[in-house]
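next one to model:
(2 chains)
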Number of protein chains: 2
Amino acid sequence: MVHLGVDLGGTTIKIGLVDDEGKLLRSLAIPTALPRSAQAICQDVVEAAGRLLEAEHLTWEQVGDLGAGAPGTVDPNRGVVLYATNLDWWDFPLKEELARRLPRPLPVYVQNDANVAAVGEYLAGSAKGSASVVVLTIGTGMGSGIILNRRMLGGHYCGGGEFGHMVIAQGGRLCSCGRKGCLEAYASATGLTNLTREEMERAPASLMHSIAKKQGKVSARTAFDAMKAGDAAGSRVVDLFLDYLACGIVNIINALQPELICLGGGVSKEGDTLLLPLREKVSREIYGGSHLPSTRLQICTLGNDAGMIGAALLGRMQELRD
Amino acid sequence: MVHLGVDLGGTTIKIGLVDDEGKLLRSLAIPTALPRSAQAICQDVVEAAGRLLEAEHLTWEQVGDLGAGAPGTVDPNRGVVLYATNLDWWDFPLKEELARRLPRPLPVYVQNDANVAAVGEYLAGSAKGSASVVVLTIGTGMGSGIILNRRMLGGHYCGGGEFGHMVIAQGGRLCSCGRKGCLEAYASATGLTNLTREEMERAPASLMHSIAKKQGKVSARTAFDAMKAGDAAGSRVVDLFLDYLACGIVNIINALQPELICLGGGVSKEGDTLLLPLREKVSREIYGGSHLPSTRLQICTLGNDAGMIGAALLGRMQELRD
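Reported below is the predicted structural model:
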């Protein structure tokens, strides 16, 4: 049996064909092409899935189930997207609208996209074999997915799992959510880019200026690249960014102490440059000190495929829960 | 059947006799009388439990099980207190030391004290019948217990459930845990007392001065009492305290969105004076806005008995989990 996984984004929709072990066999991407109706998008997704099967010389008879991750607040039990600003969806019955377009009846699962990425890492990636994990996705924003005791914890009203919107600096920077001082406002790629810009103003001789010029813009990579080239101002930015990120991670450990916290998203590509100093900052601050064993920090391994793979494995996650 | 619940504190040990419904039938308190050995304390607890049964004309044959809540980091699976500073216990096998002193073999359960209070509220108090709850105990410090999907979430290494040690103001007030800006440093009784003292210095004409004089000291009640008497400086303190508390509560909702958050501890005795403005502050800040249903805020109902009752019900909690 193969499993179809759909990663619905505001710009691109990725569809993947995944085997029982969570290996991605083949994938394709189609434009979301907003504005258009949610129904038209569902139609497009099912047709693209058909082409994907054909390309692998498979038929719908060999598909076990289909899962989809959507941005925003998703009710996985009813299969409804309650609220997704980037898609402009309100109370959209995604599960039903996908299911009725399939050429044969199949189980369909839907879930929030950050939760779906966590499912991917938990069942087939960096957290495979662990009892509990929080996956933090450090991208333009900051998403998170919580899996404890083999269960996705998405909140009683499907609005939980938003560690990016935990205030760590009360009265601080305005966040996209309206609060001031959220972790996302400091420790996302956007937050890092803002910290970089501010330090560049203070340090006109920093290498960051020429690096940004070469890269065409100031980005989340600018400070890391400058630091690797020995630039002190770049190091300061990275250190400050890591302080904020460590603060949020210690908060998560003190609250939930999962076996593992896995970092994904664009910034996580820095690998050990990010991970090693972060582990040190975190171990200095956790409650009860470092004499007792605690949560391990890792980098996610599925990269941009986590959404497709996790979506394809939503059915398996459901089985674990039952 | 009756159940014995032990609430181990640094000053007092409370022992309660509880029926199957979680009703406290009778209780007594003995001094912890530190410094003395952990073994001597266990001996004392079991003897006191015997006197408690006698007073209710019951025998050990009618006791179903015994549960104990201890401060610090507790491993409920092994029954060991890993680390409890106020008792000066390290790796103490509390379950075994209690069990071998009982006049007949009984199941013995141990758990962290904040978690035990949450079990009490969940099975017999303010959260009875709800699917998930976070209990925040606003006392000298700030404890918390998390129950989701009928399970106590104490962390993979038994060190979780510490929402009091979530930084909400990075670089802020020094907390007892060594971090700066923890929720506990602002929104506990100690935090509130500190906010009160600071405002009293700025406001020499405030009613808080005469109220504190009458009460013999500045306490967590001073500002609330002054506010009720129409004092503007007292109102400012309460408002600031509620801002911090709301910030922490919104963080918890954004992360876990339990069905219920219940507030216990001394400060929760303020009841609606605390609850009503807090609900309003929280609803303004939650992620996704207030157009979707979200976590309800309540006051705990078991008061100081939550520890004994929760301890006595640890066996039932275990059954739910299995």
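
wait, A:Met1 touches A:Trp60, no?
No. A:Met1 is beyond contact range of A:Trp60, at 11.7 Å (criterion: C-beta atoms under 8 Å). Glycine gets a C-beta too; all of them are placed from N, C-alpha and C.

pLDDT score for the residue of the stretch 101-250 of chain A found nearest chain B?
Of all residues in the stretch 101-250 of chain A, A:Gly155 sits closest to chain B, at 2.9 Å by C-beta to the nearest C-beta. If you check A:Gly155, the pLDDT there is 95.

what's the answer for A:Leu136, then?
97.

that older thread, higher neighbour count, A:Met1 and A:Trp60?
For A:Met1 versus A:Trp60, the count of surrounding residues by other C-beta atoms under 10 Å in any protein chain shown is larger for A:Trp60: 14 against 10.

my read is that the more buried one contacts A:Leu102, right?
Yes. Between A:Trp60 and A:Leu102 there is a contact under C-beta under 8 Å: 7.2 Å.

now the strands for chain A?
A:2-8, A:12-18, A:24-31, A:63-70, A:73-75, A:80-84, A:89-92, A:108-112, A:133-138, A:142-148, A:151-152, A:260-264, A:296-299 (DSSP state E).

which other helices and strands does the last one contact?
Right, strand A:296-299. Here strand A:296-299 touches strand A:260-264, helix A:272-285, going by 3 or more C-beta pairs under 8 Å, 6 or more residues apart in numbering or on different chains; DSSP states H and E.

for B:Asn112, which of these is the nearest?
Each of these was scored for nearness to B:Asn112 using C-beta to C-beta, and the closest is helix A:272-285 (20.3 Å).

and that closest one, does that touch chain B?
Yes. Applying C-beta under 8 Å from any C-beta of the partner chain, one finds helix A:272-285 touching chain B at A:Glu285.

how deep is A:Lys213 tucked in, by neighbour count?
As a burial measure, A:Lys213 scores 11 neighbours (other C-beta under 10 Å).

what's the answer for the one 4 residues further on, then?
When neighbours are counted by other C-beta under 10 Å, A:Lys217 registers 9.

give me the nearest residue to whatever residue of the stretch 201-322 of chain A ends up closest to chain B, chain neighbours excluded.
Closest residue of the stretch 201-322 of chain A to chain B, C-beta to the nearest C-beta: A:Gln257 (2.9 Å). Of all residues not flanking A:Gln257 in the chain, B:Gly155 sits nearest, at 2.9 Å (C-beta to C-beta, 6 or more residues apart in numbering or on different chains).

wait, the one you found touches A:Leu256, no?
Yes. The pair B:Gly155 / A:Leu256 is scored as a contact, 6.6 Å apart, by C-beta under 8 Å.

neighbour count winner among those two?
Legend: neighbour count by other C-beta under 10 Å for B:Gly155 and A:Leu256, higher for A:Leu256 (27 against 24).

test my guess that the more buried one contacts A:Leu148.
Yes. Contact criterion C-beta under 8 Å: A:Leu256 and A:Leu148 qualify, at 6.9 Å.

shared neighbours, these two?
Residues touching both A:Leu256 and A:Leu148 by C-beta atoms under 8 Å, 6 or more residues apart in numbering or on different chains: A:132, B:153.
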